[in-house]
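Enquirer: A predicted structure for the sequence below; I have some questions about it.
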Amino acid sequence: MTQRTYEINANGELQRTTSEAVIARDREVVSPAIYRYTDIAFARGEGVFLYDFEGRRYYDMAAGIATMNVGHCHPRVVKAIAEQAQTLIHAASHVGYMAPYVEMAEALRSLLPAPLSEGKALLVNSGSEAVESAIKLARAVTGRSMVLAFMDGFHGRPMGALAVTGSSSGYRRHLGGLLVGAEHVPYPNCARCTFGHGPRSPESCCGQWRAFIQMTLDKLVHPDDLAAIIVEPIVGEGGYIVPPSDFLPTLRAICNRTGALLIADEVQTGLGRTGRWFAVEHTGVVPDIIAMGKAIGGGLPLGAIMARADLMDRWWPAAHGSTFGGNPIACRAGLETIAIMREEHLLDNAVRVGQRLMQHFESTRAELPIIGDVRGKGLMVAVDLVDEHGQPISTDRVKQVIKALARRGVVMTKCGPSALRLAPALILTEPQADEVASQIIEALRSLS
Ligand SMILES: Cc1ncc(COP(=O)(O)O)c(C=O)c1O
């Protein structure tokens, strides 16, 4: 595998590139608004590994933020991209029809339960755009304005998606006056109960989240004005929070009663990450609209909404769209990714390897008190870090731990205020999981 370690400098000369040089130049020209979890410059990726410009190898437990399901540069995905690039790079869905767009919509249908298996899709460029598309559709077809969202939920950073994001006030700082019409209620977070009932399992949830929804419908949002409830079936960025099993069914019942639409944001949980194609399948609940992103583009920018056909059929022509949405190369990369996932049984692998990862941390908890709650589903695994009083360590400290792990050759991000987020490619093997877990545990031991 070749690695591009040379490039043309400003004087037109061939110059050797180093990680240090890339980082120094980045600091000159790139906005500091982008936070970096590591100080690594990535030169190339292969399978579950990333390499820097000096050839150092890193286990990639971030996978492009829960995106690279079949690993980096899978030869079949690379080939699909190259072939499509030689055929048609872009034409725009507003100008005419494109086969990869249609095939992607058909493929997504084939992964979903009824009635979404008969649903209709609209393709965009990112998860946030999918979220905003879902909200637009819900408002358009219900004629209602309000959206109920959840604290701890993350739906993206652009202004519309940010209006329903509730995972950190840091994202909203100095941004008063976001899209109007969003109200937030607490997500049931049993590991660290919002209502002060102490740590417990989702099965023994205090259930007080229900009262908040009812209060909100009684006092703030008239049910006749409620266009949609938007929810992550398992909270992603906000902390890999698995809700109690009656949570989604309750939201479904509220939507049925009020005429609001249920939007599942499966941008992070979708496409096999939790061991099912979509995380709603763990609950039996079928939403009216699913927002998708991340993995569906096989590493290229692609987002989608899939909605019940009767809803989509009420969205009038030119109501929505985008120049690049459903780009043929991104669709081909995504289609090949789905084919590989099916052939290589990667959903089963996600369940098996995810459980193994969690077992490693759970069995070390007694010995290493910095390990708090270990939670997740499939290859969505969070390891909460706590202090000697069992309280979450500061976000700054978690970031320091992540930097220390990077120096040991393991790359990851965090989720929630204090958890390590493990969201590797779904091809991670059990021996690789063992090696990563022991690296992390060793690092935590030396930091403790
Ligand atoms: C659940 C969820 N929704 C939406 C988004 C936004 O996606 P994007 O960053 O592709 O716009 C994310 C990104 O992390 C996400 O996790």
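Expert: Done, it's in. Quick caveat, the model's predicted, so the values are computed rather than measured.

Enquirer: Next secondary structure element downstream of whatever helix or strand R44 lives in?
Expert: Element membership for R44 (DSSP states H and E) is strand 42-46. Where DSSP H and E defines the elements, the next helix or strand beyond strand 42-46 is strand 49-52.

Enquirer: I'd like the next helix or strand past that following strand.
Expert: With elements assigned by DSSP H and E, the helix or strand that comes after strand 49-52 is strand 57-60.

Enquirer: Three-state assignment for the nearest residue to L422 once chain neighbours are set aside, please.
Expert: Once flanking residues are discounted, L422 sits nearest to V381: 4.2 Å by CB to CB, 6 or more residues apart in numbering. All C-beta spots, glycine's among them, are computed from the backbone N, C-alpha and C. At V381 the chain is in strand, as set by DSSP: H, G, I helix; E, B strand; the rest coil.

Enquirer: and V381, what does it touch?
Expert: Applying CB atoms under 8 Å, 6 or more residues apart in numbering, we find V381 in contact with 240, 354, 357-358, 361, 374-375, 421-423.

Enquirer: Per-residue confidence at the residue of the stretch 51-200 of the chain at minimum distance from the ligand, what does it come out as?
Expert: Of all residues in the stretch 51-200 of the chain, G127 sits closest to the ligand, at 2.3 Å by CB to the nearest ligand atom. What the model reports as pLDDT for G127 is 98.

Enquirer: how close does it sit to E266?
Expert: 9 Å (CB to CB, to the nearest Å).

Enquirer: any common contacting residues for the two?
Expert: 291-292.

Enquirer: So which residues of the stretch 301-448 of the chain form strands?
Expert: Taking DSSP state E, counting those that start in this stretch to define them, one finds strands in the stretch 301-448 of the chain at 303-307, 371-377, 380-385, 410-411, 413-415, 419-422.

Enquirer: For the longest one, which strands pair with it and how are they oriented?
Expert: Sheet pairing here is set by DSSP bridges, and for strand 371-377 it gives strand 380-385 (antiparallel).

Enquirer: Distance from the chain centre to the strand it pairs with, please.
Expert: 15 Å (CA atoms, centre = their mean, to the nearest Å).

Enquirer: same check, this time on stretch 174-190
Expert: Computed by CA atoms, centre = their mean, the chain-centroid distance of stretch 174-190 equals 19 Å.

Enquirer: One more: stretch 48-65?
Expert: Offset of stretch 48-65 from its chain centre (CA atoms, centre = their mean): 19 Å.

Enquirer: Give the rounded mean pLDDT of it.
Expert: Per-residue scores along stretch 48-65 average to 97.

Enquirer: Now the spatially most central residue of the chain. Nearest residue, chain neighbours left out?
Expert: Nearest residue to the geometric centre of the chain (CA atoms, centre = their mean): Q268, 2.3 Å. In this structure, Q268 finds its nearest non-sequential neighbour in G236, 3.5 Å apart by CB to CB, 6+ apart.

Enquirer: Hmm, the one you found is touching E266, no?
Expert: No - taking CB atoms under 8 Å as the definition, G236 is not a contact partner of E266, at 9.6 Å.

Enquirer: in stretch 215-225, what counts as buried?
Expert: By neighbour count with 16 or more other CB atoms under 10 Å, stretch 215-225 contains the buried residues 216-217, 221, 225.

Enquirer: want to try CSV for the residues you listed, with distance to the ligand, secondary structure and pLDDT as columns?
Expert: Listed next are the buried residues of stretch 215-225 as CSV, based on distance: CB to the nearest ligand atom, whole Å; DSSP: H, G, I helix; E, B strand; the rest coil; pLDDT from 0 to 100:
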residue, distance to the ligand, secondary structure, pLDDT
T216, 21, helix, 97
L217, 24, helix, 97
V221, 22, coil, 96
D225, 24, helix, 97
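
Enquirer: For R252, pull up the helix or strand it's in.
Expert: Element membership for R252, per DSSP H and E: helix 247-258.

Enquirer: and the next element down the chain from that helix?
Expert: strand 261-265.

Enquirer: Who are the packing partners of that next one?
Expert: Applying 3 or more CB pairs under 8 Å, 6 or more residues apart in numbering; DSSP states H and E, one finds that strand 261-265 contacts helix 127-142, strand 226-231, helix 247-258, strand 289-292.

Enquirer: Among those, show me which one is buried the most.
Expert: strand 289-292 (a mean of 29; mean count of other CB atoms under 10 Å).

Enquirer: Partner strands of that one, with direction?
Expert: strand 261-265 (parallel), strand 303-307 (antiparallel).

Enquirer: ok so, going back, what residues does the helix holding R252 touch?
Expert: Here helix 247-258 makes contact (CB under 8 Å, 6+ apart) with 188, 209-210, 213, 217, 223-224, 226, 228-229, 231, 233, 260-262, 280, 283-288.

Enquirer: at 6 Å instead, please
Expert: If you take CB atoms under 6 Å, 6 or more residues apart in numbering as the criterion, helix 247-258 is touched by 188, 223, 226, 229, 262, 283, 285.
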